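Asks: What follows is a predicted protein model with its sequence.
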Amino acid sequence: MKRVGTVASRELRSLFVSPVAYVVLTLFAVLGGFFFLSTVLSFNEYLIQLQQFQVFDELAKLNLNDHVIAPFLSTMSVVLLFLIPGVTMSLFAAEKANGTDELLLTSPLTMWDIVLGKFLAGAGFVAILVALVGVFPLLLFVYGDPEVGKTAAGLIGLLLVGITYVAIGAFASSVTRSQIIAFVLAFVILLVVWMLSFLADLGAAGGAVGSSGALGATLRWISSADHFENLVKGLVDTADLAYFGVMIGSFLLMTKAAVESVRWR
Amino acid sequence: MIEAKGLSKRYGDLLAVDRVSFTLQRGEVVGFLGPNGAGKTTTMRMLTGFLPPTDGTALIDGHDMFQDPLRARRAVGYLPESPPLYPEMDVQGFLRYVAAIKGMPRGDRARAVERSLERCGLVQVRRRVIGTLSKGYRQRVGIAQAIVHDPPVLILDEPTVGLDPVQIREIRQLIKDLASARPGETQHTVILSTHILPEVEAICPRVMLIHRGRKVVDSPLAELTRGGQTLEEIFARETARDVAAAEEGDAA
């Protein structure tokens, strides 16, 4: 696996040659600014209301971490749902469309060189995205005193969610030669994975799914939402970290199988 | 240098390649002929390790393509039917990348890229983005990526498609040079598929004809044409005869 870096750096550079990287970075920064501003403003409004009505016990519970940073990062994780497929759609589909898969697969590279190289390029791009919106919570340190640990846990959570989405997007890209199909497929899988916990809640309320508790629990476990929420709340639990590891690992294995499948067709 | 042993490929009910065997020595240039759909590309894809054969195997420079694929693939330069190019990369960046994934040591890559730029006449366009190049130049970049890591074996699928007559002559000369023994340079073994029969006559001392997945002719060009027949006549005869024989077989 010596060539992982070679594959990854080519992929990352290609992203920055195409307009995709800049569109995604710009959208993410603009949306980040918008949602950050609106979260801060509504926090401010809430603060004034509480002061006017002199609800002091409620006021004492207010803090920047739970009322600004956490909701902001949660919103940004939803934005990633829409943007990551745009980053990952080209990973494998473009190789097939260009005919360069024949170059890659006849080179002395292992399957993991190719799959991990591409995955790491996507993960690197997510790291840039997270660094970009990480600036906003940092601003709060200038004007207030949020907790460092909690903020860091939230940003790591956003990074892990983004990287998991990259693994899922890479898989979607590996099963087709059309970038549009790769985008739509990635988006649908991400949406389902994200919504599973709502489905479980719905089932619990309606009694249909929730009554068989195991199914509801399984759905909730597969969904990225709860694991991410724990990190954003500052709860760094190995169970949640393991979740991200398992998701990334299984989607990369499926990607590898899909790339290899040209050989057994 | 190349040894194909009973290579077969089956797609469902279709037997695309049927027990093709041959041996090529270092420095040999073989013209690989056959009508469209005869199994040329499939055979080449098996020799390069892109497709696994249903049966049989291939040895490249002594390494089994399917037992020891990394070493065997390292020894092959491959130009597929459509050149594998990244339109957004520039020519020399692309060649540097290919040199790296083909496993060349870091220190040798710059020189290897220079040499392949020179041999393929790409020095003037080295900084151009591949997507903006003309078809002829793209084809040359395709050849450059096949030879950049100086592999002992070259497998070229229709290397002169889309080139103008001057470029065709240059590329043919290049292929001849690659196969000739010169001090300090690797002597290449070349398999070249083409539809252009004069091309075979110009550069390939040995001819292989494949039809319906089977090897029907494998002999030195000089022997084939000794009786005064042209390659075109031989091609027409062999492909027609096999069809007739196969139809007889079906009837029986």
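Replies: Structure received.

Asks: how many neighbours does A:Leu91 have?
Replies: A:Leu91 has 29 neighbouring residues, counting by other C-beta atoms under 10 Å in any protein chain shown. All C-beta atoms are positioned from the backbone trio N, CA, C, and that covers glycine.

Asks: give the contact list for it.
Replies: Neighbour list for A:Leu91: A:11, A:118, A:121-122, A:169-170, A:173-174, A:182 [criterion: C-beta atoms under 8 Å, 6 or more residues apart in numbering or on different chains].

Asks: Please identify the helix or strand for it.
Replies: helix A:90-98 (DSSP states H and E).

Asks: Please put the alpha-carbon coordinates of that helix into PDB.
Replies: Only the C-alpha atoms of helix A:90-98 are listed here, as PDB (Å, rounded to 0.1, in the frame of the first residue of the first chain):
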ATOM      1  CA  SER A  90     -16.400  11.800  -9.500                       C
ATOM      2  CA  LEU A  91     -14.200   9.500  -7.400                       C
ATOM      3  CA  PHE A  92     -14.700   6.300  -9.400                       C
ATOM      4  CA  ALA A  93     -17.400   7.200 -12.000                       C
ATOM      5  CA  ALA A  94     -15.100   9.700 -13.700                       C
ATOM      6  CA  GLU A  95     -12.300   7.100 -14.000                       C
ATOM      7  CA  LYS A  96     -14.700   4.700 -15.800                       C
ATOM      8  CA  ALA A  97     -16.000   7.500 -18.100                       C
ATOM      9  CA  ASN A  98     -12.400   8.600 -19.000                       C
END
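
Asks: Which residues does the very next helix or strand once past that helix contact?
Replies: Using DSSP H and E, the helix or strand that follows helix A:90-98 in sequence is helix A:100-105. With contact meaning C-beta under 8 Å, 6+ apart, helix A:100-105 is reached by A:7, A:92, A:94-95, A:114, A:262-263, B:45, B:48-50, B:78, B:80, B:84-86, B:98, B:101, B:145.

Asks: Ramachandran angles for B:Leu192?
Replies: phi -130, psi 120 (degrees, to the nearest 10).

Asks: SS state for the nearest residue to it once chain neighbours are set aside?
Replies: Ranked by C-beta to C-beta, 6 or more residues apart in numbering or on different chains and with sequence neighbours excluded, the top spatial neighbour of B:Leu192 is B:Leu156, at 4.8 Å. Applying DSSP: H, G, I helix; E, B strand; the rest coil to B:Leu156 yields a three-state assignment of strand.

Asks: right, and out of the contacts of A:Leu91, which lies closest to B:Arg106?
Replies: Using C-beta to C-beta, A:Glu11 comes nearest to B:Arg106 of the contacts of A:Leu91, at 19.3 Å.

Asks: What's the separation between the nearest residue to B:Arg214 once chain neighbours are set aside and B:Val125?
Replies: Once flanking residues are discounted, B:Arg214 sits nearest to B:Asp18: 4.9 Å by C-beta to C-beta, 6+ apart. Look at B:Asp18 and B:Val125: by C-beta to C-beta, to the nearest Å, they are 43 Å apart.

Asks: B:Pro151 now?
Replies: 23 Å.

Asks: Can you give me the neighbour number for the residue lying closest to B:Met1 once chain neighbours are set aside?
Replies: Distances taken as C-beta to C-beta, 6+ apart place B:Thr189 nearest to B:Met1, at 4.2 Å, with adjacent residues excluded. Residue neighbour count, defined by other C-beta under 10 Å, stands at 25 for B:Thr189.

Asks: B:Thr189 reaches B:Ile155, doesn't it?
Replies: No - with contact defined as C-beta atoms under 8 Å, B:Thr189 does not reach B:Ile155; the gap is 9.3 Å.

Asks: Tell me if I am right that B:Gln67 is in a strand.
Replies: No - looking at B:Gln67 with three-state DSSP, it is coil, so not inside a strand.

Asks: For the residue lying closest to it once chain neighbours are set aside, name its beta-bridge partners.
Replies: Residue nearest to B:Gln67 in three dimensions, not counting chain neighbours: B:Thr57, with 7.7 Å by C-beta to C-beta, 6+ apart. Beta-bridge partners recorded for B:Thr57 (DSSP bridges): B:Lys5.

Asks: Now that we're looking at B:Thr57, what pLDDT does it have?
Replies: Looking at B:Thr57, its pLDDT reads 92.

Asks: same deal with B:Gly37?
Replies: Confidence at B:Gly37, expressed as pLDDT, is 83.

Asks: Then B:Glu248?
Replies: Looking at B:Glu248, its pLDDT reads 53.

Asks: repeat for A:Phe82
Replies: Each residue has a pLDDT score; the one for A:Phe82 is 93.

Asks: do the same with B:Met1
Replies: According to the prediction, B:Met1 has pLDDT 86.

Asks: And the helix or strand in which B:Phe94 is found, what does it pack against?
Replies: Assigned by DSSP H and E, B:Phe94 belongs to helix B:91-101. The helices and strands touching helix B:91-101, judged by 3 or more C-beta pairs under 8 Å, 6 or more residues apart in numbering or on different chains; DSSP states H and E, are helix A:4-17, helix A:100-105, helix B:106-119, helix B:135-147.
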